[in-house]
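Enquirer: Show me how the following folds:
(chains A and B)
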Number of protein chains: 2
Amino acid sequence: MSSGSDSGTGGARRRPVTLRDVALAAGVSVATASKALNDQGRMTAETRTRIQDTARQLGFRPNGLAQSLLRRRSFTVGLLTNDTYGRFSLPVMAGISEALVDNGVSVFLCNVEDDPRLGQLHVDAMLDKRVDGIIATGKRVDRHLPVDLAGLGLPVIYAFTQPDPGSIAFVSDDEGGARLAVEHLARLGRRRIAHVTGPETFAVVHQRARAHADVLAEQGLDPMPALMGPWSEAWGHEAIARLFDGTGEAPDAVFCGNDQIARGVIDALRERSVRVPDDVAVVGFDNWEIVARASRPPLTTVDMNLVALGREAGLTLLSLVDGTRVEPGIRKLPCRLMVRESCGQPPGG
Amino acid sequence: MSSGSDSGTGGARRRPVTLRDVALAAGVSVATASKALNDQGRMTAETRTRIQDTARQLGFRPNGLAQSLLRRRSFTVGLLTNDTYGRFSLPVMAGISEALVDNGVSVFLCNVEDDPRLGQLHVDAMLDKRVDGIIATGKRVDRHLPVDLAGLGLPVIYAFTQPDPGSIAFVSDDEGGARLAVEHLARLGRRRIAHVTGPETFAVVHQRARAHADVLAEQGLDPMPALMGPWSEAWGHEAIARLFDGTGEAPDAVFCGNDQIARGVIDALRERSVRVPDDVAVVGFDNWEIVARASRPPLTTVDMNLVALGREAGLTLLSLVDGTRVEPGIRKLPCRLMVRESCGQPPGG
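Expert: Numbering: from 1, shown residues only, chains lettered A, B, ... in the order given. From the prediction side, this is the model:
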């Protein structure tokens, strides 16, 4: 037996150690070795432990493909996205990967772009590989990926992309996030809180604008405009010109729909010698750190907790794969406010 | 035969179509069906075509796992990175995925962070899954991933991360990129071209600084400083203060080590009423579009062509997997200059 063991571990071996090598070294049949390593079959605890120890000593690596055929699980999950570059889907994907990898599951990443033909090709490839389930994610919560995931007979989860009816989906609570921002400004004593946000073609723009209007009403503050435009710094500059050069009373706070707009707003205010936060407080949305931290002053902003959202999506998919029943529906996960220096202190604080 | 075919296609079928279903419907043995679908074995062309047509009509999907066991290829490739979020590895990974997916190969994406334990875990998982090869990529060209990929007996490619000696690697030609920038400024008639760049702990900082000094000498221009500091907007502001408040003659151009520094440089110049590009031309590095386009004026900058670099890496790995011999060594791929508005026109132009 020791000679078998030696031949397996000595020298500059390139050939992978097989189940047969383990069986030889342990002095048992290949079938017994297989059962021992899969925690199946009947044998004494001593025999099982000895075989497992031998396998470990030899550096035996079970063939994952063959194993998953037996167990009818591939321990792989397909991740479909149309946004491998994007700031939003990246943290979501990082969270998903984290949850899956921690549980020994590998991720097939497929970029379907906005091309239904490519989408179908990738879904087919995932089915060929017998993935245990699929997570769909994308660059917009209000757009559907160009794939049909209904009726595949596989667990499917949607994360930060528009779900099919009756499916399980995770999105951020944008209204809640906007409430956090506007309530923070009201608590600091701001009374004329304007909203400068993205294009009206985005669902989240309306959700956040509604929350802005609601909080103003709840707090007994005068209604203030919600200006919609591109998601850009340039729009932040233009919006400040409209708010300060118009006939209405200028705001003492601006809640912005993203951090780029907020960056433009802060720069535009500085260039007209309006002090931030003393004269006007500014809040962003996204907590895009590289932008939020480089703002002068650093930007207070809403964080959508997208890594946590991805992690939830990944763990829920694993539950589904394990056969747990999960209620269908859209889960809205809470945002949090990342406080930096662009809002100042409460009055007298 | 027709009844077999009907039972396979009719009704609300959930069970996947098996090779046995195909064999039954085509009136052949399972072994013959398998050979026909794998283009193996001896049979008439008519029989082979009939079986393949039957499989198509039934929607038969061959079991990828079982197939790859037979062919001893998994048609999957492992992609290791310590930078799933990053601006640099993202385009590299997009290029890699593109090359692989176009060739029917799936990608296992694994984030090893900077943790050797996690790295080993992921490499083990890839070996378990019998990947055909591994690509390593990361956030820095001059740092090695925390994994040992030598001696795995598998094709390995390094892309935008420090390679093992004797391996195959793809990196951007940073010296060449810096030459493009400084030669562009010289061609536009700039005579005092300063360099404001990142920390001296980065290898690329020295490569680019050397190219800057070389081009100044070649063009007969006076030597100008290379100021090293953080990769941040704030450093751009500080560097402009040093260059313009010091005793030396102020520059008429600044070549910056990244787009964030360039953004700070442009903002600082505007705030001291120095006109860009009229008084001072500015070039960045990275072509980080969201920053380069939002600069006022929009930023001329060096693009490292990272998507193309990733694509090359992916295609080269596939060649290796197919058994093609590839010379080891580090391939430096050319950068290109993305001209926008921050450098102006040539004199009299």
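Enquirer: C-alpha only now, for contacts and for neighbours.
Expert: Noted.
Enquirer: I'd like the next helix or strand past whichever strand or helix holds A:Gly284.
Expert: Using DSSP states H and E, A:Gly284 maps to strand A:281-285. Downstream of strand A:281-285, the first helix or strand assigned by DSSP H and E is helix A:289-294.
Enquirer: Which neighbours in the sheet does the helix or strand immediately after that following helix in the chain have, and how are they oriented?
Expert: Per DSSP H and E, the first helix or strand lying C-terminal to helix A:289-294 is strand A:300-303. If you go by DSSP bridges, strand A:300-303 pairs up with strand A:281-285 (parallel), strand A:336-338 (antiparallel).
Enquirer: Please tabulate those in a markdown table and include mean neighbour count as additional columns.
Expert: Below are the strands paired with strand A:300-303 laid out as a markdown table (neighbours: other Cα atoms under 10 Å in any protein chain shown):
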| stretch | mean neighbour count |
| --- | --- |
| strand A:281-285 | 29 |
| strand A:336-338 | 19 |
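Enquirer: Quick check: which of these is nearest to B:Arg179?
Expert: Between B:Arg179 and these, the tightest spacing by Cα to Cα is seen for strand A:281-285, at 38.6 Å.
Enquirer: so which of the strands paired with strand A:300-303 comes closest to B:Arg263?
Expert: Proximity to B:Arg263 (Cα to Cα) singles out strand A:281-285 among the strands paired with strand A:300-303, at 19.9 Å.
Enquirer: Tell me who's in contact with A:Pro146.
Expert: When contacts are counted by Cα atoms under 8 Å, 6 or more residues apart in numbering or on different chains, A:Pro146 touches A:Val112, A:Asp114, A:Asp115, A:Pro116, A:Gly119.
Enquirer: Let's see that with 7 Å instead.
Expert: Contact analysis of A:Pro146 by Cα atoms under 7 Å, 6 or more residues apart in numbering or on different chains lists A:Asp114, A:Asp115, A:Pro116, A:Gly119.
Enquirer: so what's it closest to, chain neighbours aside?
Expert: A:Pro116 (4.7 Å; Cα to Cα, 6 or more residues apart in numbering or on different chains).
Enquirer: And A:Val265, its phi and psi?
Expert: phi -60, psi -50 (degrees, to the nearest 10).
Enquirer: so is the closest residue to A:Ala26 other than its chain neighbours in a helix, a strand, or just coil?
Expert: Leaving out its chain neighbours, the residue that sits closest to A:Ala26 by Cα to Cα, 6+ apart is A:Ile51, at 5.8 Å. With DSSP: H, G, I helix; E, B strand; the rest coil as the basis, A:Ile51 sits in helix.
Enquirer: Distance of A:Ile51 relative to chain B?
Expert: 19 Å (Cα to the nearest Cα, to the nearest Å).
Enquirer: now swap in A:Lys139 and tell me
Expert: 15 Å.
Enquirer: which of the contacts of A:Pro146 count as buried?
Expert: A:Asp114, A:Gly119 (16 or more other Cα atoms under 10 Å in any protein chain shown).
Enquirer: Could you tell me which ranges of the stretch 101-250 of chain A sit under the pLDDT cut-off?
Expert: A:101-102, A:104 (pLDDT under 70).
Enquirer: That one against chain B: which residues are in contact?
Expert: Listed as neighbours of chain B in the stretch 101-250 of chain A under the rule Cα under 7 Å from any Cα of the partner chain: A:Ser106, A:Val107, A:Phe108, A:Leu109, A:Asp128, A:Lys129, A:Gly153, A:Glu233.
Enquirer: Name the residue closest to the centre of chain A, please.
Expert: A:Val92 (1.2 Å; Cα atoms, centre = their mean).
Enquirer: What is the burial count for the residue nearest to A:Ala26?
Expert: Look at A:Ile51: counted by other Cα atoms under 10 Å in any protein chain shown, it has 23 neighbours.
Enquirer: got a list of what it touches?
Expert: For A:Ile51, counting by Cα under 7 Å, 6+ apart, the contacting residues are A:Ala26, A:Ala33, A:Ala36.
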